[in-house]
Structures are given as structure tokens and as C-alpha cells.
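> structure for this input, please:
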Amino acid sequence: MVNRPSVKLKAAILAGGLGARLRSVVSDSPKPMAVVGGKPFLVYLLEWLRKQGIHEVVLCVGYRWQDIHAVLGDGASLNMRLQYSVENAPLGTGGALKNAQRFLQDTFLALNGDSFVDIDLKKLVEFHRRKESIATLALTHVKDTGAYGAVDLNDQGKIRNFTEKQGPRAPEGWVNAGVYVLEPDVLSLIPGGKPVSLEQDVFPELVKRKYPIYGFCVKGYFIDIGTPEAYFQSQSELERKI
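The predicted structure is shown next:
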């Protein structure tokens, strides 16, 4: 990936996953710490963010978060500043961001800690601001939306609907790629202290309430390491793609 113009935002990485489906291949490590090509997947994400000019990152952590801190510390070794938002119990993707609200007072990026999509973050942020969006989701096109759930857009990129996972023989379409630009107002809409899902609760509620929520379609490389099959695939691909 080539270096791109800098993005002057803070990023939050959702890194609290247990990695239950990966337990057979990565033991009991936190999922974002699964080793790919000799280093943790989370390190790839951080280095990729740094290449795009992002140096301040909040790690939303929970399960065995000390393992992450032991490797990354305050981020100085990566020329970054890392802060930790620790969950005492699993809070889901939305609850994790709510828990980190004190660190996220301005427009910010949020990323899943177990997936990667090659996207120009500057263009994503510019699109978000041009649309005056409260939440903008990076979307990737897949031949089978059954494992993800599809996102329905109008001609301007505004999200009209989310379709739940449909199982076998689902149609092709655009799906959530796990990278978002969010306004802090989104966090004010999330109840605190309980599990909340961005994908199943927060984003559909924004659509229901007619908030401006948009999708930014991306054609770059995408991988989710959440299954053993995808994890093994990433071993041969990721270092060449990032």
C-alpha cells in the first residue's frame, strides 16, 4: 500500500474480542493479537493507520487486555500514542465505544480489530464531511452476503436498510467492512453499562430515526480473520497487501 495524505483524527480500535472461533489455532490470545506473518494482526492495523497519518489510537480492550499492553505499551515503539479503554465485562462493539467516550470527544475513526480493508481514509473522512453524516461506514462488495448481512443504499450513498445474515445462497452486495467515521453524538445515543452492538443496534436505530448515515463503497482488499479459514488465508496475503 502506498503512503496517503495524512488524516488528523483519533482512531478507536475494537480489540476486546475473545476469538472463540479461532481458539483452535491461536490458543487463548485476544483475537487481534493472532500472529500473522510473524507479528500480531493488531500491529498491522496500527502500522497501516500510522502510514495514513494517524498517531493517536484508543484501544477498546477487555479479554486478556494485559497481553496487548505487554506487547504494545504506550505505543512509543510504533511512534504512536496508545490509550486503553478497558471493559470489565463484554460490552459489544457499541458498548465498547460508549465505554471509551471520555477519549472520543471529536469526530473519530473506529475500526474492528479483526478485519482489514484497504481504504484511503482521507477520502472516507472527506465523504463523511461532505455528506454532513453522523456515521459513515466503509462498505466492501462480496459475492455472497449471507455471512455478513447486506447494506442497502440510495443513489447518494445514504443507507436505507440493513439486511440480517441470510445463510446459504444469499445474493451479492455491499457489506460492512468494519471501518467507520463517527460523530461523538453517536455515543450519546448509546446506553452505558450494558452490551450494545453497533451493527445490530446502533446503526439500524440511526436509520430508523432518519439520522444522516452513509456508506462509502470501497473496492480494495478486504479480509476478516474471524474464522480459521480466513486466518490461514491471511498468512499468505496480508503482508503483501498492507
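
> give me the longest strand you can find in the chain.
In the chain, assigned by DSSP state E, the strand with the most residues is strand 173-182.

> same for it, what does it pack against?
strand 108-112, strand 115-117, helix 121-130, strand 135-142, strand 151-153, strand 213-218 (3 or more Cβ pairs under 8 Å, 6 or more residues apart in numbering; DSSP states H and E). All C-beta atoms are positioned from the backbone trio N, CA, C, and that covers glycine.

> right, and Ile119 touches Lys219 too?
No: the criterion here is Cβ atoms under 8 Å, and Ile119 misses it with Lys219 at 9.5 Å.

> quick one, which of those two is more surrounded?
In terms of neighbours (other Cβ atoms under 10 Å), Ile119 is the more surrounded of Ile119 and Lys219; the figures are 23 against 10.

> if I pick the nearest residue to the more buried one once chain neighbours are set aside, what's in contact with it?
Closest residue in space to Ile119, ignoring its immediate chain neighbours: Val218 at 4.9 Å, by Cβ to Cβ, 6 or more residues apart in numbering. Applying Cβ atoms under 8 Å, 6 or more residues apart in numbering, we find Val218 in contact with Val117, Asp118, Ile119, Ala138, Leu139, Thr140, Ala177.

> and those residues, which is closest to Glu183?
Ala138 (15.8 Å; Cβ to Cβ).

> give me the neighbour count for Cys170.
You called it Cys, but residue 170 is Ala. 18.

> please disregard the earlier target; I meant Pro90.
When neighbours are counted by other Cβ under 10 Å, Pro90 comes out with 13.

> for whichever strand or helix holds Glu47, list the C-alpha coordinates in CSV.
Secondary structure assignment for Glu47, by DSSP states H and E: helix 41-51. In CSV, the C-alpha atoms belonging to helix 41-51 read as follows (Å, rounded to 0.1, in the frame of the first residue of the first chain):
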residue,chain,number,x,y,z
PHE,A,41,-2.7,-8.7,13.4
LEU,A,42,-3.3,-5.6,15.6
VAL,A,43,0.2,-4.3,14.8
TYR,A,44,-0.6,-4.5,11.1
LEU,A,45,-3.6,-2.3,11.7
LEU,A,46,-1.6,0.2,13.8
GLU,A,47,1.2,0.5,11.2
TRP,A,48,-1.4,1.0,8.5
LEU,A,49,-3.0,3.8,10.4
ARG,A,50,0.3,5.4,11.0
LYS,A,51,1.1,5.4,7.3
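
> which residues sit against the following helix or strand past it?
Tracing the chain past helix 41-51, the next element assigned as helix or strand by DSSP H and E is strand 56-61. Contacts to strand 56-61, defined as Cβ under 8 Å, 6+ apart, come from residues 10-16, 30, 46, 49, 65, 68-69, 72, 75, 80-87, 96-97, 99-100, 103-104.

> check stretch 8-17 too.
Contacts of stretch 8-17 (Cβ under 8 Å, 6+ apart): 30-32, 42, 45-46, 49, 53-54, 56-63, 65, 68, 85, 87, 90-91, 93, 96-97, 100, 103-104, 106-114, 125, 181.

> what do you get if the cut-off is 6 Å, keeping everything else the same?
Outside stretch 8-17, the residues within contact range by Cβ atoms under 6 Å, 6 or more residues apart in numbering are 31-32, 49, 54, 56-62, 87, 93, 96, 100, 108-114.

> just give me how far that stretch sits from the chain centre.
7 Å (Cα atoms, centre = their mean, to the nearest Å).

> pull out the buried residues from it.
Leu9, Lys10, Ala11, Ala12, Ile13, Leu14, Ala15, Gly16, Gly17 (16 or more other Cβ atoms under 10 Å).
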